[in-house]
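Colleague: have a look at this prediction, sequence included:
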Amino acid sequence: MSGLVSFLLKAKRRWLQLASFAIMNSVVLQGAKSIPCLGMNCYACPAAIFACPIGTLQHFAALRQIPFYTLGVLSLVGVLVGRSACGWLCPFGWLQELAYGLGRRLRWPQRRVSDRFGRLPYLFLIVLAIAVPMLTLEPWFSKLCPVGTLEAGIPWVLIDPALRSQVGTLYGLKLAILAAFVVWMVLTKRPFCRFVCPLGAIWSPFNRVSSLHLAVEEASCTQCGVCQRVCPVDIRIYEDAGSTRCVRCMECVKACPEGAIRLTGHF
Amino acid sequence: MTKGTEAPPSATATATRHRSLLANRALVVVSLLALALGVALGQAWITWLNATLL
């Protein structure tokens, strides 16, 4: 665990996110689609090699079965590293951070959104990713998911002429949802992660009990707010070091001028 | 990485960490069991099927 802690503090997170995106969509290793993807990456993408865990969850919900395998993998990752996969591996999280960075460079007005909406991901998980597929036998979260539209819906319509003729109202709705998120992610930090992502909702509670965790030394912390400024999900880590919203990106650990935030682990 | 000294942990903080550690250990075991059960039930193959063909 100390090796992992050391690696996370030294690694260039942006490069790892880029590598993760490339590997998850590297076309090769198609047999790896039995492995749940550790991030939001649509398995309908022409190049995707892993299985979207939310897509899998919906499929098993429609079958009225408990996805022990997928939940086992996700909970094992969660109990070891909490939401670290959100901060280091998730391609859509990476894209959102790039979009927000672009917005800041272009000096577009940044919009803060109240954390009172922070429980919405649980609603999306329970209702759209579990209950609705169970009742309708259709993966409605995947049908509307902006990740799927970006990585699969648009590429496949461009690649396959037969699919173009089938484009209709639902496709228009998917594009509208994606467009709304693209605008939102330029103006607000990681909006999909903070207010929608069902995978983040699954991993969030594990932040409280994970082997890898953050600690804040109250004696050293001056509450200067630097941690919130660099935080991709806009939280004040000194208020709650085990915050369920934290994506364990370690930006606050690196940025804290007092060195009050520590990354630690036990196994 | 730590600057400055750490204050001795309070009894409450120690008890909280102990509960977290127990929960951590229990969840590791449960996760591994769930994973193994899922594989035994053929869910890894169903996952592949769903992600590849559907």
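Modeller: The structure has been received and is ready for your questions.

Colleague: element containing whichever residue of chain B sits closest to chain A, please.
Modeller: For chain B, the nearest residue to chain A under the criterion CB to the nearest CB is residue B:38, separated by 2.5 Å. Glycine gets a C-beta too; all of them are placed from N, C-alpha and C. For residue B:38, the host element (DSSP states H and E) is helix B:11-40.

Colleague: counting by contacts, list what the helix or strand that that helix is followed by packs against.
Modeller: Later in the chain than helix B:11-40, the nearest helix or strand by DSSP H and E is helix B:43-53. Judged by 3 or more CB pairs under 8 Å, 6 or more residues apart in numbering or on different chains; DSSP states H and E, helix B:43-53 is in contact with helix A:53-62, helix A:68-81.

Colleague: okay, and for chain B, where does confidence drop off?
Modeller: Scanning chain B for pLDDT under 70 picks out B:1-16, B:54.

Colleague: next up, the contacts around the residue of the stretch 51-200 of chain A found nearest chain B.
Modeller: With CB to the nearest CB, the shortest gap between the stretch 51-200 of chain A and chain B falls at residue A:69, namely 2.5 Å. By CB atoms under 8 Å, 6 or more residues apart in numbering or on different chains, the contact list for residue A:69 reads A:36, B:34, B:35, B:37, B:38, B:39, B:41, B:43, B:44, B:47.

Colleague: same check on residue A:86?
Modeller: A:39, A:93, A:193, A:197, A:199, A:200, A:203, A:247, A:248.

Colleague: surely residue A:215 forms part of a helix?
Modeller: No. Going by DSSP: H, G, I helix; E, B strand; the rest coil, the assignment for residue A:215 is strand, not a helix.

Colleague: coming back round to it: any idea which of the helices and strands packed on helix B:43-53 is most buried?
Modeller: Burial of the helices and strands packed on helix B:43-53 is given as mean neighbour count (mean count of other CB atoms under 10 Å in any protein chain shown); helix A:53-62 ranks first at a mean of 25.

Colleague: quick one: that helix near chain B?
Modeller: Yes. Contact of helix A:53-62 with chain B (CB under 8 Å from any CB of the partner chain) involves A:55, A:56, A:59, A:60.

Colleague: want to try a markdown table for those residues, with pLDDT as columns?
Modeller: Converted to a markdown table, the residues of helix A:53-62 next to chain B look like this (pLDDT from 0 to 100):
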| residue | pLDDT |
| --- | --- |
| A:55 | 93 |
| A:56 | 93 |
| A:59 | 93 |
| A:60 | 95 |
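
Colleague: so how far is residue A:25 from residue A:197?
Modeller: 19 Å (CB to CB, to the nearest Å).

Colleague: for residue A:186, same thing?
Modeller: Per CB to CB, residue A:186 is found 23 Å from residue A:25.

Colleague: who has more neighbours, these two?
Modeller: A direct count of neighbours by other CB atoms under 10 Å in any protein chain shown for residue A:186 and residue A:25 places residue A:186 higher, at 20 against 17.

Colleague: three-state assignment of residue A:44?
Modeller: Going by three-state DSSP: residue A:44 is coil.

Colleague: got a list of what it touches?
Modeller: Going by CB under 8 Å, 6+ apart, residue A:44 touches A:55, A:142, A:148, A:151, A:152, A:153, A:156.

Colleague: flag every residue of the stretch 51-200 of chain A that's near chain B.
Modeller: Checking the stretch 51-200 of chain A against chain B by CB under 8 Å from any CB, the hits are A:51-52, A:55-56, A:59-60, A:65, A:67-73, A:75-76, A:78-80.

Colleague: is residue A:215 in a bridge, and if so with what?
Modeller: residue A:262 (DSSP bridges).

Colleague: neighbours of it, just the number please.
Modeller: 16.

Colleague: then the one 5 residues further on?
Modeller: Neighbour count for residue A:220, taken as other CB under 10 Å: 19.

Colleague: tell me how far it lies from residue A:113.
Modeller: 30 Å.

Colleague: residue A:134 now?
Modeller: 30 Å.

Colleague: tell me the contacts of residue A:83?
Modeller: A:200, A:203, A:204, A:206, A:207, A:244, A:246, A:247, A:248.

Colleague: closest one of those residues to residue A:46?
Modeller: Looking at those and their distance to residue A:46, the nearest is residue A:200, at 25.4 Å (CB to CB).
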